[in-house]
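Novice: Just a sequence and a predicted model for now, questions to come.
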Amino acid sequence: MNIIDFWRIFKRNKFGLAGLIIILIFLIMAIFAPIISPYNPNQTNPNLFLSKPSLNHPFGTNELGEDLLSLNIYGSRISLIVGFAAAAVSVILGLLIGIISGYLGGLIDEVLMRITDFFLVIPTLVLMIIIAAIIGPSLINVIFVIGLLSWPPTARMVRSMVLSIKEWPFIESAKASNAGRSYIMFVHVLPNVIPIVFANATLAIAGAIFSQASLVFLGVGDVTDISWGEILHYAVSSGALSAGDWWYVIPPGTFIVLLILGFVLLGYSLEEILNPRLRRV
């Protein structure tokens, strides 16, 4: 399927188009944050302690008098950076394990799948909290913790596809031509699983965004970087949430939900388009 055919099918998918629009809005917000933001997000004013929304501060201010609209705009940057970076780590690791496990089979498949099952059954968020607390709350650490603990679903999906693909006639022809296993895996098998993996990657981004916000909200992420999770963390620790200062909590929570929804809609739409079986349905 070429790009023109893909776009012709995609633009008829209302959910996918809605997801793409949501994501583009947040990407524009992140890229042009210095231009869009009405104030410097680090500019404090003690006289504006937890001020309610007004014309000058549409989202109100926090306990330091910082403009919450500016903080929420800048917060989109960290969420997107972590989402894309952690999903890249997760997808690459899951892709490699899935291809190796599915194609080689035998003892290697058994060992890799038991490891995958182990990571699937344990509470991932709890393990993320423990590891992040041990190794430190830096942004890089959070990215790798999320990425290294989120690969099992991708590995499972890729393995199931490879088990089918390796029985196709062109793979048998490659074997008959004495092609090496590594050559077959990464030249013949890999291109056939990439489209579905690409669709799965958008769902991995959504999961990474939620995980990062959760870790920062719980205090084991980097609370020095401006992010939606950081805003929610300080909303609770400052007592604003218990005091009913809704303007401190609702915007970052809504942005998290909307961005995750955008990637979920896009992911399911891409899977429907790129998976021949679902496309026929």
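Specialist: Looks like it came in fine. Given the structure is predicted, the values throughout are model-derived calculations rather than measurements. Residues are numbered from 1 along each chain as shown.

Novice: Please make it C-alpha for all contacts and neighbour counts, starting now.
Specialist: OK.

Novice: Show me which residues of stretch 4-16 are buried.
Specialist: Burial within stretch 4-16, assessed by neighbour count using 16 or more other Cα atoms under 10 Å, is assigned to 10, 13, 15, 16.

Novice: Am I right that the third one is in contact with residue 263?
Specialist: Translated: residue 15. No - Residue 15 lies out of contact with residue 263 (Cα atoms under 8 Å); the separation is 10.5 Å.

Novice: Pull the number of nearby residues for residue 203.
Specialist: For residue 203, the neighbour count with other Cα atoms under 10 Å is 22.

Novice: Tell me where the model's unsure across this structure.
Specialist: Scanning the chain for pLDDT under 70 picks out 1-2, 275-281.

Novice: hang on, the earlier thing: can you pick out the ones from the buried residues of stretch 4-16 that are in helices?
Specialist: Members of those lying in helices (criterion: DSSP state H): 10, 15, 16.

Novice: if I pick the residue positioned nearest the centre of the chain, what's in contact with it?
Specialist: In the chain, the centroid-proximal residue (Cα atoms, centre = their mean) is residue 205; its distance is 1.5 Å. Counting by Cα atoms under 8 Å, 6 or more residues apart in numbering, residue 205 makes contact with 83, 84, 86, 87, 263.

Novice: Can you classify it by secondary structure?
Specialist: At residue 205 the chain is in helix, as set by DSSP: H, G, I helix; E, B strand; the rest coil.

Novice: Does the nearest residue to it once chain neighbours are set aside lie in a helix or a strand, and which?
Specialist: Nearest residue to residue 205 in three dimensions, chain neighbours excluded: residue 83, at 4.6 Å (Cα to Cα, 6 or more residues apart in numbering). Of the helices and strands defined by DSSP states H and E, residue 83 is found in helix 68-104.

Novice: right, and the helix or strand after that helix?
Specialist: Following helix 68-104 in sequence, per DSSP H and E, is helix 106-121.

Novice: Need the contact partners of that following helix.
Specialist: Against helix 106-121 from outside (Cα under 8 Å, 6+ apart): 97, 100, 101, 102, 149, 152, 153, 155, 156.

Novice: in that helix, what's buried?
Specialist: In helix 106-121, counting by 16+ other Cα under 10 Å, buried: 109, 112, 113, 116, 119, 120.

Novice: Distance to residue 145 added to the residues you listed, as a markdown table?
Specialist: Supplementary listing: these in a markdown table, determined by distance: Cα to Cα, whole Å:
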| residue | distance to residue 145 |
| --- | --- |
| 109 | 24 |
| 112 | 19 |
| 113 | 20 |
| 116 | 16 |
| 119 | 13 |
| 120 | 15 |
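
Novice: which one of those residues is nearest residue 130?
Specialist: residue 119 (14.4 Å; Cα to Cα).

Novice: Please report the distance of that closest one from residue 176.
Specialist: 37 Å (Cα to Cα, to the nearest Å).
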